[in-house]
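> no sequence on this one, just coordinates:
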């Protein structure tokens, strides 16, 4: 008999396998024979007890009690697996039935909703989204029904990269436009690499004024950066409006820089991002708003701002805007609000 000490793998799996093999050969072991079994298998009482507990949990052993004596009897792995899987299968069946019940119950309201939300009552096919749950529901439906292509501008937080990778592998054209800073984000680079390998395309650019996701020229999502008291975005199903949004977005996509997962490539876009930050500062955006537009954390945004203040030798954001305009880093025509000092410098 091969003893446990001769096994190359002396772990809990090896202990359990040794004890199970012994019970199969012997037809079982009595609880009061554990000292003898442990000595024969060269297992300490602790290791033997742990192996028996694991085998009972896996239902590879069952307890037989006759005349007050406990005996551990081996069970077929096929039977053990079935006994463990059966409750899970029952739960899956129950969940599926619950899903069907919910859909059937809510589908009763669909005719009335569709009737009242058509034409003028539907706002031209535009529906305001008031919370994350409502947004998630609409996105889930759009992803399920998507068959041809997805175009996403700053879709982070809503369109999961895992789902985008899955759709790309199914032949859906997936194009994502991200902030330049994503080129150096090591946390998402592996997923971006998988997306490109699956057939997706990624480009990066400076700040984008709006988050946009378009599915199949049929439905589009416009997401708001700041909505403290109002909707977090809108979903648009008016076909002409959706196509118009895509047509307006295409030039931005064409002008963006291609992304390659081979190298970080951050330095190629650094100047553009720096200019974007300075421009947003000069337009009075807060650190939080700038971070959202660039798709970076507030902490990272503030680190970039501090670096630019040091590069410009400026003591304030306002002074940095004046100096950047004077240095030609900002086109005065792109300033949302022209302050008097900047106006004088620009002139």
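That came in fine, so what should we check first? Just so you know, these numbers come straight off a predicted model, no measurement behind them. Numbering: from 1, shown residues only.

> And the helices in this protein, which stretches?
12-26, 34-41, 45-57, 77-107, 110-116, 132-145, 161-169, 186-197, 239-255, 267-282, 287-294, 298-312, 317-326, 340-346 (DSSP state H).

> which stretches of the stretch 51-200 of the chain have low pLDDT?
Applying pLDDT under 70 to the stretch 51-200 of the chain picks out residues 113-124, 157, 181, 184-187.

> And the contacts of stretch 59-66?
Contact with stretch 59-66 is made by 20, 23, 28, 52, 55-56, 70-75, 77, 79-80, 83-84, as judged by Cβ atoms under 8 Å, 6 or more residues apart in numbering. Where you see a C-beta, it was placed from the backbone N, CA and C, and this is true even at glycine.

> repeat for stretch 158-178
Contacts for stretch 158-178 (Cβ under 8 Å, 6+ apart): 135, 139, 143, 146-156, 188, 191-192, 194-195, 198-205, 208, 211, 213, 221, 223, 252-253, 256, 259, 295.

> Between the two ends of it, how far is it?
13 Å (Cα to Cα, to the nearest Å).

> Buried residues, that stretch. List them.
158-159, 161, 164-168, 172, 174-178 (16 or more other Cβ atoms under 10 Å).

> Quick check: the farthest pair among those residues?
Pairwise distances across the buried residues of stretch 158-178 (Cβ to Cβ) peak at 19.7 Å, for the pair 166 and 177.

> Could you tell me the phi and psi values at residue 206?
Main-chain dihedrals, residue 206, degrees, to the nearest 10: phi -80, psi -160.

> Do you know the pLDDT at it?
On pLDDT, residue 206 comes in at 76.

> One more: residue 212?
So residue 212 comes in at 90 (pLDDT).

> residues contacting the residue lying closest to it once chain neighbours are set aside?
Using Cβ to Cβ, 6 or more residues apart in numbering and skipping the chain neighbours, the partner closest in space to residue 212 is residue 153 (4.2 Å). Shown in contact with residue 153 (Cβ under 8 Å, 6+ apart): 177, 208, 210-213, 249, 252.

> if you set the cut-off to 10 Å instead, what comes out?
Going by Cβ atoms under 10 Å, 6 or more residues apart in numbering, residue 153 touches 175-178, 205, 208-214, 222-223, 245, 249, 252-253, 256.

> about what we covered before: out of the contacts of stretch 59-66, which are buried?
Judged by 16+ other Cβ under 10 Å, buried ones among those: 20, 23, 28, 52, 55, 71-72, 74-75, 80.

> Reformat these as JSON lines; add distance to residue 316.
Below are the buried ones among the contacts of stretch 59-66 laid out as JSON lines (distance: Cβ to Cβ, whole Å):
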{"residue": "20", "distance to residue 316": "73"}
{"residue": "23", "distance to residue 316": "78"}
{"residue": "28", "distance to residue 316": "82"}
{"residue": "52", "distance to residue 316": "72"}
{"residue": "55", "distance to residue 316": "71"}
{"residue": "71", "distance to residue 316": "83"}
{"residue": "72", "distance to residue 316": "77"}
{"residue": "74", "distance to residue 316": "78"}
{"residue": "75", "distance to residue 316": "76"}
{"residue": "80", "distance to residue 316": "71"}
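
> Would you point out the most distant pair within those?
71 and 80 (17.3 Å).

> could the helices of the chain go into JSON lines alongside distance to residue 64?
Shown next, in JSON lines, are the helices of the chain (distance: least, Cβ to Cβ, whole Å):
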{"stretch": "helix 12-26", "distance to residue 64": "12"}
{"stretch": "helix 34-41", "distance to residue 64": "15"}
{"stretch": "helix 45-57", "distance to residue 64": "12"}
{"stretch": "helix 77-107", "distance to residue 64": "15"}
{"stretch": "helix 110-116", "distance to residue 64": "57"}
{"stretch": "helix 132-145", "distance to residue 64": "50"}
{"stretch": "helix 161-169", "distance to residue 64": "48"}
{"stretch": "helix 186-197", "distance to residue 64": "52"}
{"stretch": "helix 239-255", "distance to residue 64": "68"}
{"stretch": "helix 267-282", "distance to residue 64": "71"}
{"stretch": "helix 287-294", "distance to residue 64": "65"}
{"stretch": "helix 298-312", "distance to residue 64": "63"}
{"stretch": "helix 317-326", "distance to residue 64": "79"}
{"stretch": "helix 340-346", "distance to residue 64": "89"}
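
> between the ones you listed, which gets nearest to residue 231?
helix 132-145 (9.2 Å).

> what does the closest one rub up against?
With Cβ under 10 Å, 6+ apart as the criterion, helix 132-145 contacts 127-129, 150, 155, 157-160, 163-164, 166-167, 172, 213-216, 218-221, 223, 231-235, 237.

> Just the ones in strands from those, please.
127-129, 150, 213-215, 219-221, 223, 233-235 (DSSP state E).

> Of the residues you listed - the most surrounded one?
residue 220 (26 neighbours; other Cβ atoms under 10 Å).

> That one reaches residue 212, doesn't it?
Yes: between residue 220 and residue 212 there is a contact under Cβ atoms under 10 Å: 6.7 Å.

> so what sits against both of the two?
151, 245-246, 249.

> okay, the residues you listed in CSV with neighbour count and distance to residue 41 next?
Shown next, in CSV, are the shared contacts of residue 220 and residue 212 (neighbours: other Cβ atoms under 10 Å; distance: Cβ to Cβ, whole Å):
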residue, neighbour count, distance to residue 41
151, 23, 64
245, 21, 71
246, 16, 69
249, 20, 69
